[in-house]
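Asker: below are the sequence and a predicted model for it; my questions follow.
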Amino acid sequence: METSLRSLPSVDKIISDPRLKSITDGYDHLLFTKLVRGYIKEIRLFIKGGGDPPPFDSIVETIARRATAIQTPSMRKIINATGVILHTNLGRSSVSRETVEAMTGANNNYVNLEIDINRNQRGSRQDHLRSLLKEITGAESAMVVNNNASAVLLALSALVKGKEVIVSRGQSVEIGGGFRVPEVMRQSGARLIDVGTTNITYKTDYEAAITPSTAALLRVHSSNFRVIGFTGEVALDELVEVGKKHSLMVLDDIGSGCFIDTTKYGLLREPLVQESISSGVSLTFFSGDKLLGGPQAGIIAGKKQLIDKMEKHPLARALRIDKVRLSGLAATLLHYLKGDAVNKIPVWQMISAKPDDLRKRAEKWAASCSSIADIVQGESEVGGGSLPGSTLPTWLVSLKPGVRTHKTGVQDISAVLRNMDIPIIGRIEKDTLLLDPRTVPVEDEPYIISALTQLAENIAGAKLTSRRPK
Ligand SMILES: *Cc1c(COP(=O)(O)O)cnc(C)c1O
C-alpha cells in the first residue's frame, strides 16, 4: 500500500500533461488544481481500502472527463415531440421571436427600468407594462411579479393577512409543483375558511361563512383536474354579487392567462382574463408562461387601490420581476394588442396547427425511417395545468421496433433519441414510441429527419448508437 501511495503522480505532473493543455488553457489554475487534488484524494482512499492505483493515463482521462463535464451546461435545448404544448418539465414552451429580441435587448443594455426619463425622476418598473395590461385586460391597474404563485402570495399577504378568506372546498387544491392553496394561505398569514363540499358549493355556503373577520372570497380555477358528474360551483358573477353585498374583496386565480377563446380550436373553455375582469372581481391572477405564451411571470390585474397597496408591500420587492422578463412580457402582450397572437406566439401556433399540415409533416418524418414507422391519428394536449381532458386531434409518427431478433425494444429506441446531441423526447404508449409534430418547430425538422434516418439504419444494421445524426 505504502509503495502504491508513494508511486502516485504529483499534482504538477498531471496538470502539465500535454493531453490536458487544451482544458487547462481555459480553466482557472487554482480551480483546476483543486479538481486534480480532489481526485488524487479519492485515489488515496481507494488505495487505503485495498484497491490498486489506476494507471497514469487513466488518471489523466478521468480528470479530462470531469473538467469537461463540469463545463457542459446541464440545461440545454431539447426537442419536445410529446405533443404536450405547455410541458412544465420541459420549460413550459418557447416564446415569440419578438419576445426573444426584446429580452436580448434588455440583457445587452442599460434600460430605463426605474427612471422616469422625461421628468428625470425615480420611476417604478411596474409602470412599463401598466398601460398595455390595462388596455388588454380592461382592468383599472395591474402589476407583474415573479410568477403566479408569487402573485397570489403577495395579494394574500398584503391584503388578507390576519383575516379570513373563504374558498370553496372543491377549489382548495394542489395546482402542481407544490402550489397548494391551503399552504399558500398559511404562508401569507391569511386564514382559510373552506366551505361547501368537494363536488358542490352553493352561494349560501359562502354567505353562511362570512364573519366580521372575513376579508375576501377567493376563486381558484381547477386548472389541472376536472370534476364531472353531480357537481356545482358558484359562478363568478354570483361570487362578485356576494362580495359587493358584504363589502368583501373577490380574488380570482385563473391560472393560465388565456386571452383567446379556446373553444374556437375544439378545446374546452378556459376562463378568459377579460371576462374575469369584466365580471367585476377585485383582482385577477394569472401566469405569463402558460396560455399567455410569454416568459415566466405572475400578473395581477384589477382595482387600482389594491394594486397600489401591494406595490408598497415589502414582499413585492422580494418577488419582483427582472428587466429581461419585463421586456419580454411587453413584447408578448403587444401581440394581443395587434391581434397577431395566434400567428406569432408559439403556444397559439401549436394550438391552431391544422391536422392536414400535421399529417403531411408526420408523413415526411415517417418516410425517413419507413422500416420502423407508421403514421397514426392521435391527440395532442395543451398541458401545463390547462384544459385537462381536452385534446386536439393530431397525426403521430408511431415507431415500432421492427427487428425483434435483435431485441430492440421501444425503450431502446426512446433511449437512442433521448441521448442524441439534441435529445428528442416522445411519448411511449403500449409498445410504440409516438412523436407528435405539433410541438416541434418546423426549423427542427431536418434534425429530426436525419435522426430518424440514422435510427432506422442502425436498427437494420442492428447497432443502436446514440451519436449526433450526420
Ligand atoms: C399554474 C397555476 C398557478 C401557479 O402559477 P405559476 O406561474 O406556475 O407560479 C397558480 N394558480 C393556478 C390556478 C394555476 O393554474
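Answerer: Nice, I can see it.
Asker: the ligand contacts on this protein?
Answerer: Among all residues of the chain, those adjacent to the ligand (criterion: Cβ under 6 Å from any ligand atom) are 147-149, 175, 179, 220-221, 223, 253, 255, 287, 298, 385. For glycine as for every other residue, the C-beta is placed from the backbone atoms N, C-alpha and C.
Asker: measure the residue of the stretch 251-400 of the chain found nearest the ligand to residue 270 for me?
Answerer: With Cβ to the nearest ligand atom as the measure, residue 255 is the residue of the stretch 251-400 of the chain nearest to the ligand, at 2.4 Å. Residue 255 is 8 Å from residue 270, where distance means Cβ to Cβ, to the nearest Å.
Asker: please enumerate the shared neighbours of the two.
Answerer: Common contact partners of residue 255 and residue 270 (Cβ atoms under 8 Å, 6 or more residues apart in numbering): residue 386.
Asker: how distant is stretch 413-425 from the center of its chain?
Answerer: Relative to the mean C-alpha coordinate of its chain, stretch 413-425 is positioned 20 Å out (Cα atoms, centre = their mean, to the nearest Å).
Asker: show me which positions of it end up buried.
Answerer: 413, 414, 416, 417, 420, 424, 425 (16 or more other Cβ atoms under 10 Å).
Asker: let's have those residues in JSON lines, adding distance to residue 368 and secondary structure.
Answerer: Output for the buried residues of stretch 413-425, formatted as JSON lines (distance: Cβ to Cβ, whole Å; DSSP: H, G, I helix; E, B strand; the rest coil):
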{"residue": "413", "distance to residue 368": "14", "secondary structure": "helix"}
{"residue": "414", "distance to residue 368": "17", "secondary structure": "helix"}
{"residue": "416", "distance to residue 368": "15", "secondary structure": "helix"}
{"residue": "417", "distance to residue 368": "13", "secondary structure": "helix"}
{"residue": "420", "distance to residue 368": "14", "secondary structure": "coil"}
{"residue": "424", "distance to residue 368": "13", "secondary structure": "strand"}
{"residue": "425", "distance to residue 368": "18", "secondary structure": "strand"}
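Asker: pLDDT added to these, as CSV?
Answerer: Below are the buried residues of stretch 413-425 laid out as CSV (pLDDT from 0 to 100):
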residue, pLDDT
413, 92
414, 94
416, 93
417, 96
420, 94
424, 98
425, 98
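Asker: which positions in the strand ranked longest in the chain come out as buried?
Answerer: What stands out as the longest strand in the chain, according to DSSP state E, is strand 386-399. Of the residues in strand 386-399, those with enough neighbours to count as buried (16+ other Cβ under 10 Å) are 386, 387, 390, 391, 392, 394, 395, 396, 397, 398, 399.
Asker: then stretch 441-459?
Answerer: Applying a neighbour-count criterion of 16+ other Cβ under 10 Å, one finds 444-445, 447-449, 451-456, 458-459 buried in stretch 441-459.
Asker: residue contacts, residue 126?
Answerer: Contacts were defined as Cβ under 8 Å, 6+ apart; by that measure residue 126 touches 143, 144, 311.
Asker: out of those residues, who's nearest residue 196?
Answerer: Checking these against residue 196 by Cβ to Cβ gives residue 143 as the nearest, at 31.0 Å.
Asker: can you tell me the SS state at that closest one?
Answerer: In three-state terms, and counting by DSSP: H, G, I helix; E, B strand; the rest coil, residue 143 is strand.
Asker: could you check how far it is from the ligand?
Answerer: 14 Å (Cβ to the nearest ligand atom, to the nearest Å).
Asker: how many neighbouring residues does that residue have?
Answerer: For residue 143, the count of nearby residues is 27 (other Cβ atoms under 10 Å).
Asker: for it, list the residues it contacts.
Answerer: By Cβ under 8 Å, 6+ apart, the residues touching residue 143 are 126, 130, 299, 300, 307, 310, 311, 316.
Asker: what sits closest to it if chain neighbours are left out?
Answerer: Take residue 143 and drop its neighbours on the chain: the residue closest to it by Cβ to Cβ, 6 or more residues apart in numbering is residue 126, 4.8 Å away.
Asker: and residue 162, by the same measure?
Answerer: Nearest non-adjacent residue to residue 162, counting by Cβ to Cβ, 6+ apart: residue 189, 6.0 Å away.
Asker: isn't residue 352 right next to residue 265, touching?
Answerer: Yes: under the criterion of Cβ atoms under 8 Å, residue 352 lies in contact with residue 265, with a separation of 6.0 Å.
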